[in-house]
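K.L.:
next comes the sequence, and after it the predicted model I'd like to discuss.
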Amino acid sequence: PTDGTFNPNMDVAADWYLVDTTVYLATMNPNQTDRFTPMALTAVELNGPPAQTVRVCNFDPTTVTDLEFIDEHIRNAFDLSDFTGLTDINIGFNTTSFQLTLPNHSIPTNNILLAQNTQLTYLDLSNLDALAGSIDASFCGMMTTLVTGASSELITKFAFNNCSSLLSADISNYTKLSGTVTFENCTSLVTLATGSSSDVISNFSCRAALITTLDVSGYSKLSGIFNAAVCPNLTTITTATVDNTETFTSWKVNTCDLTGTHDLTHYLGLGGSIEFNNNSNLTSILFPTHSVSVTTINGKLTGITALDLSPMDNVSSSVDCELCPALASVTLPTNTNVFTILKFNHCVLTAFDITTLTGANDNISISLNNNSMGTAALDTLLSDLVATTWIDGTLTINNNSGSPSAAGIVDIGTLTTAGWSVTY
């Protein structure tokens, strides 16, 4: 304290080394009156025996706005109920077991960092009626219970990554979520209740969880990174029902159990990488109509029956939808972009039209092994490739329903002269 007496009463004798070099050895009652120099504790100074209790008296806790306990081996109860003015709380990297009680107040918070408290099992945020700013309780591996409340303040980060014991989370009453909202690697998380927010969320992730449904339709400015991958029980993602023009850099829903149709038509800024592979019960994916750059599409090992990329006229680089046993039709976009990979092995395609691609696709790799293309379809593809004048490409069309005709063999020769490798 900056004034008054400093007379803490210890339940267990302890050594005290104060910042002004005063030393109290093996005492339960250090006594220093009229202390005008603030006391500062460095890391591990409070690391006493398990029964140690510290009571610091003669100050007004309501005046404290910033509290920091890092790597202090806190044990048992850590009650901050009286600290009703706290806006910044940094309690982390405690490997010991303790119970945390946060203050009950309506003051907007700035930063609550509770990460790396490896034995914290329970966290109650409901007393903070004006929760705001950044909240991060990641890497609390023993936390099973998260109690949330309601706040209409702007929350810029809400992160509970690697809380592998967390069973459920309800963020539906935080109406101004923005920035980062992540529950990555919460491998026991069965339920994530969402709500609505009109603020920009630039990173939303619940990767590697056990959730069965996810509703993000209420987040009207979802953008940036969306990741719900590796959720093996996830069958349904409820997406936007009105147009969202925010820009995305990736959309990952791979290795889930998505069933039926995955509708992305209202995400008009969807770009970058779109990954929906390893969803065997996914029968259809609907893309938005836009000109945003999409550089990767990965939809292999799904149950889709058709792939229509024509609404997105700025797709380029890589499209991989092989090992889709029901995929019978592919419609490529119409553009002048450069593609490096078109991979559709082990599908049931009866034709493959590349005439909509008019860019300089030299060195392209086109893989169409094990499909249902007959002789006429193969001849058409080979003739179309010759007409493109692309060079140094790779084409594999073996194990289809038919084989190239004599005319097709001539076209293969022309492609080979242009540096192509053709396997049929």
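P.N.:
Happy to help now that I have it.
K.L.:
give the contact list for the residue lying closest to N110 once chain neighbours are set aside.
P.N.:
For N110, ignoring the flanking residues on the chain, the nearest one in space by C-beta to C-beta, 6 or more residues apart in numbering is G133 at 4.4 Å. Yep, even glycine has a C-beta here, placed from its N, CA and C like the rest. Residues counted as contacts of G133 (C-beta atoms under 8 Å, 6 or more residues apart in numbering) are 108-112, 154-157.
K.L.:
looking at G133 now. What's its pLDDT?
P.N.:
Note for G133: predicted pLDDT of 98.
K.L.:
next: D20.
P.N.:
Reported pLDDT for D20: 60.
K.L.:
wasn't G413 part of a strand?
P.N.:
No - using DSSP: H, G, I helix; E, B strand; the rest coil, the assignment for G413 is helix, not a strand.
K.L.:
name whatever forms a beta bridge with the residue nearest to N110.
P.N.:
On the basis of DSSP bridges, G133 is bridged to I155.
K.L.:
what's the closest non-adjacent residue to A360?
P.N.:
Per C-beta to C-beta, 6+ apart, closest to A360 is V338, 6.3 Å.
K.L.:
that neighbour contacts L357, doesn't it?
P.N.:
No - with contact defined as C-beta atoms under 8 Å, V338 does not reach L357; the gap is 9.2 Å.
K.L.:
ok, those two, which is more surrounded?
P.N.:
L357 (22 against 14; other C-beta atoms under 10 Å).
K.L.:
now that one, what are its backbone angles?
P.N.:
phi -100, psi 110 (degrees, to the nearest 10).
K.L.:
tell me the spacing between it and T340.
P.N.:
From L357 over to T340 the distance is 12 Å, taken as C-beta to C-beta, to the nearest Å.
K.L.:
go on, P404?
P.N.:
Counting by C-beta to C-beta, the gap from P404 to T340 is 24 Å.
K.L.:
those two: who's more crowded?
P.N.:
Higher neighbour count among P404 and T340: P404, with 19 against 15, using other C-beta under 10 Å.
K.L.:
ok, which stretches of the stretch 1-150 of the chain are strands?
P.N.:
Along the stretch 1-150 of the chain, counting by DSSP state E, counting those that start in this stretch, strands occupy 14-17, 23-27, 66-70, 76-79, 88-92, 98-101, 111-113, 122-124, 133-136, 145-147.
K.L.:
any idea how far the last one is from the chain center?
P.N.:
Spelled out, it's strand 145-147. Distance, stretch centre to chain centre, for strand 145-147: 20 Å (C-alpha atoms, centre = their mean, to the nearest Å).
K.L.:
residues contacting that strand, please?
P.N.:
With C-beta under 8 Å, 6+ apart, strand 145-147 has contacts from 121-126, 137, 160, 163, 166-169.
K.L.:
what's the longest helix in the chain?
P.N.:
helix 375-388 (DSSP state H).
K.L.:
look up the closest residue to L25, ignoring the ones flanking it.
P.N.:
D15 (5.1 Å).
K.L.:
same deal with L120?
P.N.:
Closest to L120 by C-beta to C-beta, 6+ apart is C140, at 5.0 Å.
K.L.:
what is the neighbour count of the one you found?
P.N.:
27.
K.L.:
same check, this time on V181
P.N.:
Neighbour number of V181 under other C-beta under 10 Å is 26.
K.L.:
quick one: secondary structure of it?
P.N.:
Three-state call for V181 (three-state DSSP): strand.
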